[in-house]
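Chemist: Let me see the structure of the following:
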Amino acid sequence: MDIEVLKLGFQVLQFLVTGALAVYVYLSNKDKVTNDRIGKLEDDLDLKLDGHGERISALETQTRNSPTHSHLSEIHEKINKVGSDISSLSGEFTGVRNLLNTIHQYLLQGGKQ
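Modeler: Numbers count the residues shown, from 1 in each chain. The predicted structure is shown next:
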């Protein structure tokens, strides 16, 4: 073998190894950038979820302390009872007003009818 052929073969081999190394470095840097971006997104998402966890916890606490359907039905019954009591008082005061008007008329006329 001639030294020139060996030199050419070595240069071709060196070119192929350098090309393969360049492709490997490109792909590994591409993966590194992608992994860095994914890591940053995960960190941002964790920060956002931490705030949501506190908000959800506060909402669950408020939900536990809120009135249930049975409580609301009891309140509705009590409001209906108060409404009927007020209606009955209104009727009684109408009678009292009529009686007072009659007494005023009697007193204004001096006891004459």
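
Chemist: Which secondary structure element is home to Leu72?
Modeler: Secondary structure assigned from DSSP states H and E places Leu72 in helix 69-108.

Chemist: could you say what helices and strands that helix packs with?
Modeler: Contact partners of helix 69-108 among helices and strands, from 3 or more Cβ pairs under 8 Å, 6 or more residues apart in numbering; DSSP states H and E: none. C-beta coordinates here come from the backbone N, C-alpha and C atoms, glycine included.

Chemist: so how far is that helix off the chain centroid?
Modeler: 45 Å (Cα atoms, centre = their mean, to the nearest Å).

Chemist: Let me see the residues that make contact with stretch 71-85.
Modeler: Stretch 71-85 has contacts (Cβ atoms under 8 Å, 6 or more residues apart in numbering) with Pro67.

Chemist: Can you pull out the low-pLDDT segments for the chain?
Modeler: Within the chain, the stretches with pLDDT under 70 are 1, 111-113.

Chemist: Could you chop it up by domain?
Modeler: 1-66, 70-113 (automatic domain parsing).

Chemist: any chance of these in a markdown table, with mean neighbour count too?
Modeler: Listed next are the domains of the chain as a markdown table, based on neighbours: other Cβ atoms under 10 Å:
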| stretch | mean neighbour count |
| --- | --- |
| domain 1-66 | 10 |
| domain 70-113 | 10 |
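
Chemist: Check the gap between Leu8 and Ala22 for me.
Modeler: For Leu8, the distance to Ala22 equals 21 Å [Cβ to Cβ, to the nearest Å].

Chemist: can you check Phe93 too?
Modeler: 100 Å.

Chemist: Equivalent analysis for Ile79, please.
Modeler: 81 Å.

Chemist: Check His69 too.
Modeler: 70 Å.

Chemist: what does Asp31 give?
Modeler: Noted for Asp31: a distance of 15 Å to Ala22, by Cβ to Cβ.

Chemist: the longest helix in the chain is where?
Modeler: helix 3-65 (DSSP state H).

Chemist: just checking, what packs against that one?
Modeler: Based on contacts counted as 3+ Cβ pairs under 8 Å, 6+ apart, there is no element that helix 3-65 packs against.

Chemist: any idea how far it is from the chain center?
Modeler: 32 Å.

Chemist: Alright, that wraps it up for me.
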